[in-house]
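J.: Predicted coordinates and the sequence they were generated for:
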Amino acid sequence: MTLHCYSLEVPVESSKHRRNAKINPIIDKVLEAKRVDGLARLWQSHEEVFIYEQTGPPDFDDVTQLFIHDYKLVRTMRDVLNQRIILHLRDGISDHKDLASFGAFGHRTEVSLFWCTMHQKSYCLQEYGSFQIPAIWQDLPVLAEAIITCLKFFSFMKENVEKVKLYTDQKNKLFAKRKVHIVKENPPTPNRPKKQK
């Protein structure tokens, strides 16, 4: 048995679904999920909605790694959005214009916040904003600004998730009203006498 250890990284199931979409698991090797530095799922549905990527410590200057992590964040956000759309299609919801995936990218002491949507069959990545992480703990104004920006972003994220949840809950209520609680079998047809001519 081989044990794989990844420091502070979590697997993203959405990327695993993308990577294994067109393979035959009986014949082909099933690929592992990509890993990110942070991940948030919805509590009840376990639907992935938020990804975090960090390039390294504050003194990190490798430009190649910067672009690799940047690409990894965008690709994984796209995977998460695709998986959210697929899950909603399975629930019978064909309208996905309000669905989004969310992400954050940390480089040095700056964190940028993004959201990804789909418009006219194209992915649209937009930056919500960014904030600085204070280098020293005494820098309270910078910390206060970072907390306010995060709270605004997570409120924005919550609105998106709850809008979709409200639509899904209304649909489930309609199905619940139509639910048949008792299924009765039809009685067998009685033997009828044959008609005489």
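T.: Done, it's in. Numbering: from 1, shown residues only.
J.: can you give me the strands in the chain?
T.: With strands called from DSSP state E, the chain shows them at 10-12, 34-36, 38-41, 48-54, 101-107, 110-119, 122-132.
J.: Any idea what Thr117 is bridged to?
T.: Cys124 (DSSP bridges).
J.: still on that earlier bit, adding mean neighbour count, write the strands of the chain out as TSV.
T.: For glycine as for every other residue, the C-beta is placed from the backbone atoms N, C-alpha and C. Formatted as TSV, the strands of the chain follow (neighbours: other Cβ atoms under 10 Å):
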stretch	mean neighbour count
strand 10-12	17
strand 34-36	20
strand 38-41	16
strand 48-54	23
strand 101-107	23
strand 110-119	18
strand 122-132	13
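J.: To Asp95, which of the ones you listed lies closest?
T.: strand 110-119 (11.4 Å; Cβ to Cβ).
J.: Of all the residues in stretch 84-93, which ones are buried?
T.: Arg84, Ile85, Leu87, His88, Ile93 (16 or more other Cβ atoms under 10 Å).
J.: er, stretch 17-32 actually
T.: Arg18, Asn20.
J.: which outside residues touch that stretch?
T.: Pro11, Lys16, Ala33, Lys34, Asp79, Asn82, Gln83, Ile86 (Cβ atoms under 8 Å, 6 or more residues apart in numbering).
J.: again, only this time at 6 Å
T.: Contacts with stretch 17-32, where a contact means Cβ atoms under 6 Å, 6 or more residues apart in numbering, come from Asp79, Gln83.
J.: picking up where we left off before, go through the buried residues of stretch 84-93 and name the one nearest Cys150.
T.: Arg84 (21.9 Å).
J.: Thank you, goodbye.
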